[in-house]
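> quick one: sequence and predicted model below, then my questions.
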Amino acid sequence: MLDNKKILFCLCGGIAVYKCVELASQMVKEGAIIKTIMTKSAMEFVTPLTFQSITKNTVSYKLFNHEANIEHISLADWADIIVIVPATANIIGKIANGIADDLITTTVMASSCPKLIVPAMNVNMYENPILQENINKLKSFDFMFLEPEIGRLACGYEGKGRMPAIDEIIYALKVYLHHQADLKGKSFLVTAGASIEKIDPMRYITNISSGKMGFALARAAYLRGGQVTLIYSSVAEKLPYYVKSIQALSAKEMHDQVLRLFPDFDCVISCAAVADFTPQNPSPVKIKKSENLTIELVRTIDILKEMGEKKDKQYLIGFAAESENILKNAHQKLENKNLNMIVANDLKMAGKTDSEIFIIKKNQNEDSSIQYQGDKFFLANKILDEYINDETT
Ligand code: CTP
């Protein structure tokens, strides 16, 4: 999704600027065309030559460059998106207050494309009310922010201030190239991962769901301005750090959490691979070896079906992983569970980087399914596009 997109990469003087070397490399791998601007302070940490070599493109840092055309205007006109990283309290303060005294701030002032700011600094500086007021002011002018992560900071402090992982910045760029905060005012409850049904304290029954699709949906909905809560079971991925997350391992735990919360949400996306069966009498002690072991399994509650019966105005999205009669089975689930949308996927594609999905909506039959193919983050955005289309028509 960054293919041939023109990214103006603005680097400031925070220690995290060394991580931007890897970020530049990832953006190039994703097909982006990058031009870089560095502040004087950024060049104290990393040299322009590093970014010039990785991006195979220009690195600018002088406001008054007599050889070039009026560079802050030409760069502003050139860019599809501007990303400022690691954004210091100084650069945020200058932009928020209309100061334009270097190449980054003058270019930002002259630009009309989307702008993503990624702050990274000491926790006390980040939490300073002056900075927070500047951030809120810029948000009100449609600047996008990716908040810092909590963790160990270069200054030795622990707290909120770390530059986010490279992947998270790339996800944010992919979103803001195409969408602004179009899901603002909407709330999403997303379930993800594989449930765990205990046999004894050591053993359990589960399935191969990684949780990636649910995480992609939670991430995309949040970045597009939605208020998101994620309920997750067993997952093989790092949680999106900015999303409010609650763990619920078994089908019963997930049922209790989801049913408690869902009345307060506009949209529920049930992406978790919830077990259909659970051991009837899980053993409180470890089961010892014997010739044979028979485990009696009983049905779990169908969480989505129960929401379909109890729902008021909630928009319900379900998933159907099928290996045959994909559309027919998915359509049946859409109707049986009283859903607004079902997303079907072919289990034959499981484990591949690109997936294929078929979307069927309420009151539509399987012949009018909509098909999309791409990586999970792309598909998550398409599912949300379909949701917002329905909500606005
Ligand atoms: N689901 C749920 N509670 C369950 C089981 C599934 O909420 N106990 C949800 C899943 O999150 C998913 C959808 O229902 O959105 C899947 O539908 P389902 O009919 O359970 O599909 P399968 O488990 O694949 O069932 P089948 O074996 O009948 O195909």
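Done, it's in.
> for the residue in the stretch 101-250 of the chain that the ligand sits nearest to, which non-adjacent residue is closest in space?
Residue of the stretch 101-250 of the chain nearest the ligand, by C-beta to the nearest ligand atom: T191 (6.0 Å). All C-beta spots, glycine's among them, are computed from the backbone N, C-alpha and C. Among residues not flanking T191 along the chain, A272 sits closest, at 3.8 Å (C-beta to C-beta, 6 or more residues apart in numbering).
> for L316, same thing?
Nearest one to L316, counting by C-beta to C-beta, 6+ apart, is L339 at 4.7 Å.
> wait, the one you found touches K362, no?
Yes. Applying C-beta atoms under 8 Å as the test, L339 and K362 come out as touching, 6.8 Å apart.
> enumerate the residues of this protein near the ligand.
251, 270, 272, 274, 276, 300, 302-304, 318-321, 333 (C-beta under 6 Å from any ligand atom).
> wait, the residue nearest to T191 sits on G193?
Yes. Using C-beta under 8 Å, A272 is in contact with G193, at 5.6 Å.
> related to what we said a few turns ago, who has more neighbours out of L339 and K362?
Neighbours per residue (other C-beta atoms under 10 Å) separate L339 from K362, with L339 holding more: 27 against 14.
> quick one: that one from G161, how far?
42 Å (C-beta to C-beta, to the nearest Å).
> over to L11?
Taking C-beta to C-beta as the measure, L11 falls 17 Å from G161.
> just want to know which of these two has more residues nearby.
Set L11 next to G161 and count neighbours by other C-beta under 10 Å: L11 wins out with 30 against 27.
> who does the more buried one form a beta bridge with?
When bridges are called by DSSP bridges, L11 pairs up with M38, V85.
> anything in contact with each of A272 and G193?
Common neighbours of A272 and G193, using C-beta atoms under 8 Å, 6 or more residues apart in numbering, are 209, 211, 214, 232-233.
> most neighbours of all these, which one?
Ranking these using other C-beta under 10 Å puts G214 first, with 28 neighbours.
> follow-up on the earlier one: just the buried members of the residues of the chain next to the ligand?
Among the residues of the chain next to the ligand, those classed as buried by 16 or more other C-beta atoms under 10 Å are 251, 270, 272, 274, 300, 302-304, 318-321, 333.
> in helices only, show me the residues you listed.
251, 303-304, 333 (DSSP state H).
> stretch 44-52 spans what distance, first to last residue?
Length of stretch 44-52, first residue to last, C-alpha to C-alpha, to the nearest Å: 16 Å.
> which of the residues of the chain next to the ligand sits closest to P148?
If you rank these by distance to P148 using C-beta to C-beta, A272 comes first, at 29.0 Å.
> surely L327 meets I342?
No. L327 is beyond contact range of I342, at 9.7 Å (criterion: C-beta under 8 Å).
> which neighbours do the two have in common?
I360.
> mind naming the longest helix for this structure?
The chain, longest helix under DSSP H: helix 376-392.
> list the buried residues in it.
Buried residues in helix 376-392 (16+ other C-beta under 10 Å): 376-388.
> just give me the closest of these to the ligand.
I383 (12.2 Å).
> and that closest one, what pLDDT?
We have a pLDDT of 98 for I383.
> show me where the stretch 101-250 of the chain has its strands.
115-119, 144-145, 149-152, 158-162, 187-192, 197-198, 204-205, 227-232, 244-247 (DSSP state E, counting those that start in this stretch).
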